[in-house]
Structures are given as C-alpha cells and as structure tokens.
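J.: Sequence first, then the predicted structure:
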Amino acid sequence: MKLALAQLSSGEDRSENLERVVEAIDEAAGLGAEMIVYPEIVLDRFFPQKKGACAAAARFAEPIPGPTTERLMAKAKEHGMVVVFNLYEVDADGRFFDSSPVIDADGRLLGTTRMVHITDYEGFHEKDYYHPGDTGAPVYATRVGKVGVAICYDRHYPEYMRALALAGAEIVAIPQAGCLGEWPEGLYEAEVRVAAFQNGYFAALCNRVGVEDELVFAGESFVADPDGRILVQGKRLEDDLVVVDVDLRRGAESVARRLFWRDRRPELYAAWAGG
C-alpha cells in the first residue's frame, strides 16, 4: 500500500488552504497513493496558541459531516483513496473538538476520532478551545487495512497507543502540530518509533509546517514501521508530500505480535495503572 503524508503550512485564507488540501489528494493519487494523512487543524492558522478562547476561532468550526468533509469524501471516492483529515469540529450541542474524520476509499465517512487528552502550556492553550474527546480510541476497517488515529497530544499516552493496538490497528495516523525544538533532540521521532515497536503497527505522523506568530512548526513528518525504524521523513520547515510503500501484513510478523503480545499479563494491569 502506498501511503502519503501531506505536510502543509496554513495561510490566512481558509479557502486557499482547502484548495491546497484538495490539490494534495490529486497529487498523491498521481503518485499511486491509496491513503493520505493530513496535519492537525490544517485549514486554519494555529489559533490555540492564544490564551483565552478567541471568539473568532468559533467561526472556523464546522460539523462532521459538513462542507469540508463532504468535499473530501467526493475526492476520496474519485481517487479510491482513504483520507484521514483533521479539523475544528462543532457538534449539535455547541461543543468544540479537535477531530479527525476518517473517509474510506469509496467516499464513505467511517467515523470521527476526537482528541482525548487536552493540554495547556505556552503556545498550546488547548483547554480554552477543545472539549475532551468522547469517541474513545476507535479503529476503522478501511479498504487498505485497519486504521487508528492518535491526534497530536494523544500520542504521548502509552495507554492510548496500546488501546489502538488492542482494537486491531495496523496503521496509526497521527495528525500533528509540532514545533521546532519543542522536545529534547530525537524525542520527537523516538516516542512514536517505540509505540510502533511495542504495539506492532505502522505509525504515520503528519506535521504542519511554517512560522505562525510565536510558533515555528517543524514539518519532518515521518512513518515508522512495526520494528520501530523510520522508513521516510519529510523536509524540515518546508511543505512536502511524503510518499512511501508500506506492507501492513508486516505487523503480524513483528516482535510485538510474536513476543510482547504473547506474554502480556492484562489481569495484572488494572490494579497497577487504575489511576
């Protein structure tokens, strides 16, 4: 299966951002991609960097399904491509979420994953904007295989990454908004490589890129295989379309599936990690 990561920057014009999103699907299709993953909140400038819920941000939110999702559903069907997107969602009760609709290759919306863990620190005042996700850690049976989603901050939680594996994920898409120098050198890749290795799946992290006020988004999107090796990595500080071949059958042959999973002791874990 050929996988694409659409590493994109986000400009001030939302409609232009959407056109670039659609162009990325067309370009990826031309390269033979069967699945494409996008960065976090790619249609908009990164509004959570501002402390205190910005009233203007609410106008960016839309329902799922909604205008953007429906356009991507049509594109997915046109090209026979699985699409993992990310946008600012508002639900019927007026709650706001950081959400990833997952669209199958026939254009069907399979469901929506909402970010579970919500943070607040300098540049990432997400508690002012997002409700905690209430969709759990679903895995979607797509044309290419079983796909899970870990939105940005969720990737830091081993419990969440393991839950996706327990639900059968063969590949985990990670829509990301990660900054240059945000974490110690090498840790950006290392924690995702370890998650892939411990759980026996591919992990595909797609990061946004560009200078937005005080934040500099790094790019450097990458795919890790079930052995924890990086197969491909995008450019630093530049837009990029990263394409790589992955064989999802390799997860079943991984060390995690052959050894770690065989020797698990789940009857003990609840008492250890209940809180």
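T.: Structure received. Predicted model only: the values in this text are computed from it and were never measured.
J.: Would you mind confirming that Cys152 is in contact with Val116?
T.: No. Contact criterion Cβ atoms under 8 Å: Cys152 and Val116 do not qualify, at 10.7 Å. Where you see a C-beta, it was placed from the backbone N, CA and C, and this is true even at glycine.
J.: what are the ranges of the helices in the protein?
T.: 14-30, 67-79, 158-166, 187-199, 255, 266-273 (DSSP state H).
J.: just so I know, which of those helices lies nearest Val246?
T.: helix 187-199 (11.2 Å; Cβ to Cβ).
J.: Val216: which of the helices of the chain is closest?
T.: It's helix 187-199; of the helices of the chain, that one is closest to Val216 (Cβ to Cβ) at 13.6 Å.
J.: still on that earlier bit, so Cys152 and Val116 - more neighbours on which side?
T.: Taking neighbours as other Cβ atoms under 10 Å, Cys152 and Val116 compare with Cys152 leading, 25 against 20.
J.: What pLDDT does the model give Gly275?
T.: The model reports Gly275 with a pLDDT of 62.
J.: Ignore what I typed, I meant Asp13.
T.: pLDDT, Asp13: 97.
J.: where does it fall, phi/psi-wise?
T.: Per-residue torsions, Asp13: phi -90, psi 110 (degrees, to the nearest 10).
J.: just to revisit the earlier point, any idea which of the helices of the chain gets closest to Pro101?
T.: Of all those, it is helix 67-79 that lies closest to Pro101, at 5.0 Å by Cβ to Cβ.
J.: buried set for that closest one?
T.: Using 16 or more other Cβ atoms under 10 Å as the burial criterion, the residues of helix 67-79 that qualify are Thr68, Thr69, Leu72, Met73, Lys75, Ala76, Lys77, His79.
J.: re earlier: as a markdown table, the helices of the chain with distance to Ile36 would be great.
T.: Converted to a markdown table, the helices of the chain look like this (distance: least, Cβ to Cβ, whole Å):
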| stretch | distance to Ile36 |
| --- | --- |
| helix 14-30 | 5 |
| helix 67-79 | 9 |
| helix 158-166 | 19 |
| helix 187-199 | 18 |
| helix 255 | 29 |
| helix 266-273 | 34 |
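J.: nearest to Gly123, of those helices?
T.: helix 187-199 (15.6 Å).
J.: the inter-axis angle of the longest strand along the chain versus helix 67-79?
T.: Ranked by residue count and defined by DSSP state E, the top strand of the chain is strand 96-103. Calculated by axes from the mean of the first three to the mean of the last three Cα atoms, to 10 degrees, strand 96-103 forms an angle of 20 degrees with helix 67-79.
J.: What average pLDDT does strand 96-103 get?
T.: Average pLDDT, strand 96-103: 98.
J.: what are the pairing partners of it, and which direction each?
T.: The sheet places strand 96-103 alongside strand 82-84 (antiparallel), strand 87-90 (antiparallel), strand 109-114 (antiparallel), with pairing taken from DSSP bridges.
J.: Packed most tightly, which of those would that be?
T.: The highest mean neighbour count among the strands paired with strand 96-103, using mean count of other Cβ atoms under 10 Å, belongs to strand 82-84: a mean of 28.
J.: what about Arg250, how many neighbours?
T.: Based on other Cβ under 10 Å, the number of other residues close to Arg250 is 16.
J.: Same check on Glu238?
T.: Glu238: 12 neighbours (other Cβ under 10 Å).
J.: list the buried ones in the longest strand of the chain?
T.: Phe96, Phe97, Asp98, Ser99, Ser100, Pro101, Val102, Ile103.
J.: cool, and stretch 205-222?
T.: Those would be 205-210, 212, 215, 217-222, for stretch 205-222 by 16+ other Cβ under 10 Å.
J.: what's the closest of these to Ala173?
T.: Cys206 (7.3 Å).
J.: Might you report the residue contacts of that closest one?
T.: Leu5, Ala6, Gln7, Val37, Tyr38, Pro39, Ala173, Ile174, Pro175, Gln176, Ser221, Val242 (Cβ atoms under 8 Å, 6 or more residues apart in numbering).
J.: now do 6 Å
T.: Leu5, Val37, Tyr38, Pro39, Pro175, Ser221 (Cβ atoms under 6 Å, 6 or more residues apart in numbering).
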